[in-house]
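Enquirer: need a 3D model of the sequence below.
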Amino acid sequence: MSSLSDQQIDMQLDELKGWRRDGNSIVKRYEFGDFIEAMSFMNQAAFYAEAIEHHPEWHNIYNVVDVRLTTHDTGGITSLDIRLAKRMEYIVQPKRL
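Expert: Numbers count the residues shown, from 1 in each chain. As a prediction, the model looks like this:
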């Protein structure tokens, strides 16, 4: 797997609301209604991350989760980072019945 080009990263970030580039990572802060919502998000994201064998760097304080995605093996941003970011966005979308 190789890192994405700057142009590829910019195109993907255009589709990922609130995500931004920070060096060789993409980052976002999620704010939830309470601690339980934050933990639910992290648990759902963790199961997906484990399934694709690509794990986030993240930090949680009460209802806030700060996420940093990078691929250490390549020293940059890869399609795995984009896939995980997209899944996180899917997790936080309101579900329709």
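
Enquirer: the closest residue to residue 70 other than its chain neighbours bridge partners, please.
Expert: Excluding the flanking residues, the one nearest residue 70 by C-beta to C-beta, 6 or more residues apart in numbering is residue 25, at 4.0 Å. Glycine gets a C-beta too; all of them are placed from N, C-alpha and C. For residue 25, the beta-bridge partners under DSSP bridges are residue 22.

Enquirer: burial count for residue 25?
Expert: Neighbourhood size, residue 25 [other C-beta atoms under 10 Å]: 16.

Enquirer: from residue 69, how far off is residue 23?
Expert: 12 Å (C-beta to C-beta, to the nearest Å).

Enquirer: higher neighbour count, these two?
Expert: Higher neighbour count among residue 23 and residue 69: residue 69, with 25 against 10, using other C-beta under 10 Å.

Enquirer: quick one: the nearest residue to the more buried one once chain neighbours are set aside from residue 36, how far?
Expert: Spatially, and ignoring its direct neighbours in sequence, residue 69 is nearest to residue 81 (4.0 Å; C-beta to C-beta, 6+ apart). Residue 81 sits 27 Å away from residue 36, going by C-beta to C-beta.

Enquirer: same check, this time on residue 44
Expert: When distance is defined by C-beta to C-beta, residue 44 is 13 Å away from residue 36.

Enquirer: neighbour-wise, which of the two wins?
Expert: Taking neighbours as other C-beta under 10 Å, residue 44 and residue 36 compare with residue 44 leading, 15 against 10.

Enquirer: quick one: that one and residue 91 touch, right?
Expert: Yes. With contact defined as C-beta atoms under 8 Å, residue 44 counts as touching residue 91 (4.9 Å).

Enquirer: can you give me how far the lengthiest helix in the chain is from the chain middle?
Expert: When the chain is parsed with DSSP state H, its longest helix is helix 35-52. Centroid separation for helix 35-52 versus its chain: 11 Å, with C-alpha atoms, centre = their mean, to the nearest Å.
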